[in-house]
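J.: Kindly return the folded structure for what I paste below:
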Amino acid sequence: MLLHKLHKVLKQQRRGGEGTEHSFSPPPPLWRRVMRHERIRISRWTHRFERNGVTAILNSISLGLVFVSSETAQLLFDYLRTPAPMDQASAYLGADLIDALTKEGVIVAEELDDEVYLSDFREKLLRESTVELMYLLVTDHCNLRCTYCFEEAPAMDKPFAPVHMSEEVASRAVSLFGQMAKRYGSPDKKKTIHLYGGEPLMNKTVVRASVLQIRDFGKRGILPDNCEIAIVTNGMFLDDATVKFFVENGVTVGLSLDGPGWMNNAYRLPKRDGVDVFREVKKSLGLLKDNGAKIGLSVALTPLAIEHFPELLDFLLGEMGGVDGVSLNLLHYNRNVVPPPDYYVRAAQCQLAAFERFRELGIYEERVMRKAKAFIDRRPLYADCGVIGNQLVIAPDGRIGVCQDFVKPRTYFQGNVLDPDPDPVADGLFRDWRRRSPFFMEQCFGCEAIGICGGGCPASAELKTGSRWNLDERACPHSKLTLEWLVWETCAKLS
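T.: I've put the predicted structure just below:
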């Protein structure tokens, strides 16, 4: 019989990053000490997976995991179809097995209320949701017209007029983040500021001024001196001086690159005729590598990328020298790009296949790794993004919001950094978003992957279905397939 409880046997798989911002301290045990004379039962949150004569038994909330033979698993579930005294179960099934299952929360005391535990657990996670991140959208302008761009998804009731952020708005935004992070953040968590757009390098003056202010605030204690700065760019405006500036100031550059030329250029279209987007991005990638920049590649898994995934993967593997990480991104909802019915399952399979290859090179693939980290560390993933109270989003005009997906119509934006003494948290910015987590969504309670899912993208769910409380259809196959992969990868390591 194979019997082992999960500790951190996948630790050697972690490379080059810390994962998501929104997983929290391990949950309290689902159990108290169960006395030998007490009656025990299977927890409501228990799920099992079968493969080749082995059964993996998982508590989906605590992420406790035990492997047994399938024969033993059948005996266990048959015997505890109704609650039974612990001493009798131990005599029938073996004390070591019952002890292991109890310690992992798979078996609990009959009197334990699973629903009360869930309620206490999720409220604890909710209290740990703190302001640690800001998206500074320095411009609405972009020089590309990518067909899948999520900023084009929200409906507009009037023509959109893009603007650049002013230095004053940027300065006030950085100051506000310092105040909010100190007031509502945790001193134990890293702080991150993302320079975002549009295409942020169409407003280089404000990008440079913001970076310098953030570093100055770090020296003066207004922000942590190790506050991370990242910029997400299409790479078309990178030059040697800008790259050197980023390297000198510790700015991580997220570069959008969707595969080899024909694949990249099929969706990433220029607004000006005669521009080869792929050629320009490759040139910028070379500049970044030559200057030793910290680079993350942002890759959209387009329908073409899924159809020709081996070619995409070979291309990315050939570019990994000098690259610190890569994110293979599922498409957000956009009425302009309708993926085929099997897209989300195939995309998740591609992410896992890439993860296996990238880890051989010590490369950090963010989308799978954030779920793997929750699983490995047994720190359940409360939410997949910061709308639950972790992030501020500052529009180019200074409006303060929760989600960059809604920046063009300024939906869910309230107040302005130019207001006297703004406090968006106290003013209820996150009030309607804080509980947007699988742990508060009844349709998710029975899912085996609730502990690592995070619920996907609330904006994508709302834009497609009309409500952020509906499922994000992209998240379900990704989370379930990733969980199953993690379970059997753990089994293989133990064997």
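
J.: How many neighbouring residues does K289 have?
T.: When counting by other C-beta atoms under 10 Å, one arrives at 15 neighbours for K289. The C-beta positions use only the backbone N, C-alpha and C, and glycine is treated the same way.

J.: should've said L255
T.: L255: 21 surrounding residues under other C-beta under 10 Å.

J.: where does it land on pLDDT?
T.: We have a pLDDT of 97 for L255.

J.: Contact partners for it?
T.: Each residue near L255 by C-beta atoms under 8 Å, 6 or more residues apart in numbering is listed here: T233, N234, G235, V281, S284, L285, L288, I295, G296, L297, S298.

J.: Buried subset of those residues as a PyMOL selection?
T.: Only the buried entries of those go into this PyMOL selection, using 16 or more other C-beta atoms under 10 Å:
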select buried, resi 233+234+235+281+284+285+288+295+296+297+298
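
J.: what would the contacts of L255 look like in TSV with pLDDT?
T.: Formatted as TSV, the contacts of L255 follow (pLDDT from 0 to 100):
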residue	pLDDT
T233	97
N234	97
G235	97
V281	97
S284	97
L285	98
L288	98
I295	97
G296	96
L297	96
S298	96
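
J.: tell me which element V243 falls in.
T.: Using DSSP states H and E, V243 sits in helix 240-248.

J.: What strands flank the helix or strand just after that helix, and is each parallel or antiparallel?
T.: Once helix 240-248 ends, the next helix or strand along the chain (criterion: DSSP H and E) is strand 251-256. Here strand 251-256 is paired, per DSSP bridges, with strand 228-233 (parallel), strand 295-300 (parallel).

J.: Output strand 251-256 as CSV - backbone C-alpha positions only.
T.: What follows is strand 251-256, C-alpha atoms only, in CSV (Å, rounded to 0.1, in the frame of the first residue of the first chain):
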residue,chain,number,x,y,z
VAL,A,251,12.4,47.6,-13.5
THR,A,252,11.1,44.3,-14.8
VAL,A,253,10.0,44.4,-18.4
GLY,A,254,7.1,42.3,-19.5
LEU,A,255,7.3,42.0,-23.2
SER,A,256,4.3,40.8,-25.3
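
J.: any idea which helix or strand comes after the helix or strand of the chain with the lowest mean pLDDT?
T.: Across the helices and strands of the chain, mean confidence by mean pLDDT, DSSP states H and E is lowest for strand 364-365: a mean of 86. Next helix or strand after strand 364-365 toward the C-terminus (DSSP H and E): helix 366-377.

J.: domains for the chain, by residue range?
T.: Split into domains by automatic domain parsing, the chain comes to 26-112, 128-416.

J.: Redo the ones you listed as a markdown table? Include distance to T490.
T.: Formatted as a markdown table, these follow (distance: least, C-beta to C-beta, whole Å):
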| stretch | distance to T490 |
| --- | --- |
| domain 26-112 | 7 |
| domain 128-416 | 8 |
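
J.: helices and strands around the helix holding V243, which ones?
T.: On a contact count with 3 or more C-beta pairs under 8 Å, 6 or more residues apart in numbering; DSSP states H and E, helix 240-248 meets helix 204-220, strand 251-256, helix 277-290.

J.: Can you give me the buried ones in stretch 349-362?
T.: Q349, C350, Q351, L352, A354, F355, F358, R359.

J.: Give me the contacts around that stretch.
T.: 13, 15-16, 301, 305-306, 309, 313, 316-317, 320, 326, 328, 364-365, 367-369, 372, 478, 481-482, 485.

J.: Regarding stretch 213-231, how distant is the last residue from the first?
T.: In stretch 213-231, first residue to last residue: 15 Å (C-alpha to C-alpha, to the nearest Å).

J.: same question, stretch 297-307
T.: Using C-alpha to C-alpha, the end-to-end distance of stretch 297-307 comes out at 20 Å.

J.: next one: stretch 107-117
T.: Using C-alpha to C-alpha, the two ends of stretch 107-117 sit 14 Å apart.

J.: what mean pLDDT would you report for it?
T.: Stretch 107-117 shows a mean pLDDT of 90.

J.: Check the spacing between the residue most central in space within the chain and G94 real quick.
T.: Nearest to the geometric centre of the chain sits D384, at 4.3 Å (C-alpha atoms, centre = their mean). Computed with C-beta to C-beta, to the nearest Å, the distance linking D384 and G94 is 39 Å.

J.: Check L418 too.
T.: 68 Å.

J.: before we move on, what about H47?
T.: Distance of H47 to G94, given as C-beta to C-beta: 22 Å.

J.: How about K124?
T.: 34 Å.

J.: Neighbour count: the two, which is higher?
T.: G94 (17 against 14).

J.: So in terms of bridging, what pairs with L58?
T.: H47, L65.
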